[in-house]
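1. Coordinates only, no sequence provided:
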């Protein structure tokens with residue numbers, strides 16, 4: 001189901017203007033503080049009545065100011081997942097889940113308790129109370145409670161922001177399952193490009209109340225105008241080929257083989273990898289005598305320079321990656337001095353060097369690169 005977001009609203013010194021229709025899956029709102037994410041989320045949740053707006057999840061109209069349609073928050077059928085689990089401390093996990101089901105409208109068919117418990121791996125937690133749960137376990141229960149309310153839309157407002165890296169790694173695979181198995185739209189708010197790369201079907205990059213970028217994560221994260229030089233990254237599709245005795249996993253990509261520290265996925269699994277632009281080194285000639293194992297060949301398609309010393313170089317990796325219909329792009333952030341020293345120009349063949357350890361576990365997710 002699609003998600004239509006048409007919202008215009010003006011505050012003193014700030015104006016939000018968004019007009020987007022996103023395809024099914026996880027739509028991520030991405031941008032710095034003050035970009036308009038909270039204003040848009042509040043409009044979707046019904047906590048803000050915009051000057052002009054139309055918000056539709058599939059065929060479920062939440063708001064249409066021109067048609068004088070405005071559902072109050074309690075009638076919007078939104079499954080809300082907050083930064084903290086916000087579970088009832090005096091109820092068991094089973095009772096917290098049942099509370100979500102209590103809000104399912106009459107005649108709705110929410111997911112069965114057994115399916116949700118199995119999807120989130122919380123069967124062994126049903127008799128516990130929230131005080132006995134870790135942060136990651138609380139968030140899994142909160143996700144389950146939201147699903148059991150039979151929502152038309154899932155709204156996840158920076159649900160991993162309060163967790164440490166270990167707990168984030170625990171929760172991210174469950175959001176990937178929601179993306180791949182649910183038919184309802186998910187609007188996910190984040191300021192982490194690693195989360196965007198792993199989870200997003202579609203990214204809406206906001207800056208100063210305007211849409212700076214819109215599209216698949218590989219397209220938006222590689223656009224410096226949308227995410228800024230520091231946040232620029234590539235999202236590559238890959239497939240696990242084999243795991244080797246020295247602790248490395250062999251992956252195939254559009255540009256050749258990548259070697260990474262062992263990934264948990266079995267051979268044949270499709271993955272998406274985030275590679276930060278500042279972790280890529282370029283060479284005109286095929287490098288030799290390096291410790292780096294990952295050397296990908298591509299063609300320079302774009303070179304962008306700004307007022308500072310940096311430059312963004314985009315390589316078309318060419319060929320088709322695993323299950324991909326076209327080649328992919330790799331973005332490198334280097335200096336303008338390096339561009340001049342190497343004599344880099346559009347259309348040239350170039351080699352990209354990526355250290356295996358620069359791709360952290362949190363940068364590796366399941367699914368296509370998008």
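-> On my side now, so go ahead. The structure displayed is predicted, hence computed values, not measured ones.
2. same question for the one helix or strand residue 274 maps to, mean pLDDT?
-> For residue 274, the host element (DSSP states H and E) is strand 270-276. In this model, strand 270-276 carries a mean pLDDT of 92.
3. Please apply the same query to stretch 13-29.
-> On average, stretch 13-29 scores 95.
4. Can you give me the buried ones in it?
-> By neighbour count on 16 or more other C-beta atoms under 10 Å, the buried set for stretch 13-29 is 16, 18, 22, 24, 25, 26, 27, 28, 29. From N, CA and C alone the C-beta is placed, and that goes for glycine too.
5. distance between it and the chain's centre?
-> 14 Å (C-alpha atoms, centre = their mean, to the nearest Å).
6. Report all helices and strands that the strand holding residue 274 contacts.
-> Counting contacts by 3 or more C-beta pairs under 8 Å, 6 or more residues apart in numbering; DSSP states H and E, strand 270-276 is packed against helix 193-199, strand 233-243, strand 248-253, strand 364-366.
7. Just want the angle from the second one to strand 270-276.
-> Which is strand 233-243. 130 degrees (axes from the mean of the first three to the mean of the last three C-alpha atoms, to 10 degrees).
8. report the angle between the axes of strand 233-243 and strand 248-253?
-> Using the same axes, to 10 degrees: strand 233-243 against strand 248-253 is 120 degrees.
9. neighbouring strands for strand 233-243, and are they parallel or not?
-> strand 248-253 (antiparallel), strand 270-276 (antiparallel) (DSSP bridges).
10. most packed of these?
-> strand 270-276 (a mean of 23; mean count of other C-beta atoms under 10 Å).
11. Name the nearest residue to residue 352, sequence neighbours excluded.
-> residue 296 (4.7 Å; C-beta to C-beta, 6 or more residues apart in numbering).
12. follow-up on the earlier one: could you export the strands paired with strand 233-243 to JSON lines, including columns for distance to residue 164?
-> As requested, these are exported to JSON lines (distance: least, C-beta to C-beta, whole Å):
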{"stretch": "strand 248-253", "distance to residue 164": "25"}
{"stretch": "strand 270-276", "distance to residue 164": "19"}
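13. who wins for proximity to residue 227 among those strands?
-> Minimum separation from residue 227 across these (C-beta to C-beta) falls at strand 270-276, 11.3 Å.
14. Show me the contact partners of the closest one.
-> Strand 270-276 has contacts (C-beta atoms under 8 Å, 6 or more residues apart in numbering) with 193-194, 197-198, 217, 221, 232-240, 251, 253, 258, 260, 263, 265, 322-323, 330, 354, 358-359, 363-370.
15. Would you mind listing which of these are buried?
-> Here, 16+ other C-beta under 10 Å leaves 193-194, 197-198, 217, 221, 232-240, 251, 253, 258, 260, 263, 265, 322, 330, 354, 358-359, 363-370 buried among these.
16. Residue 9 - how many residues pack around it?
-> 21 (other C-beta atoms under 10 Å).
17. Could you tell me which residues make contact with it?
-> 15, 16, 39, 43, 48, 50, 51, 52, 53.
18. In helices only, show me the residues you listed.
-> 39, 43 (DSSP state H).
19. buried subset of the contacts of residue 9?
-> Counted by 16+ other C-beta under 10 Å, the contacts of residue 9 give 16, 39, 43, 48, 50, 53 as buried.
20. Nice, that's everything, thank you.
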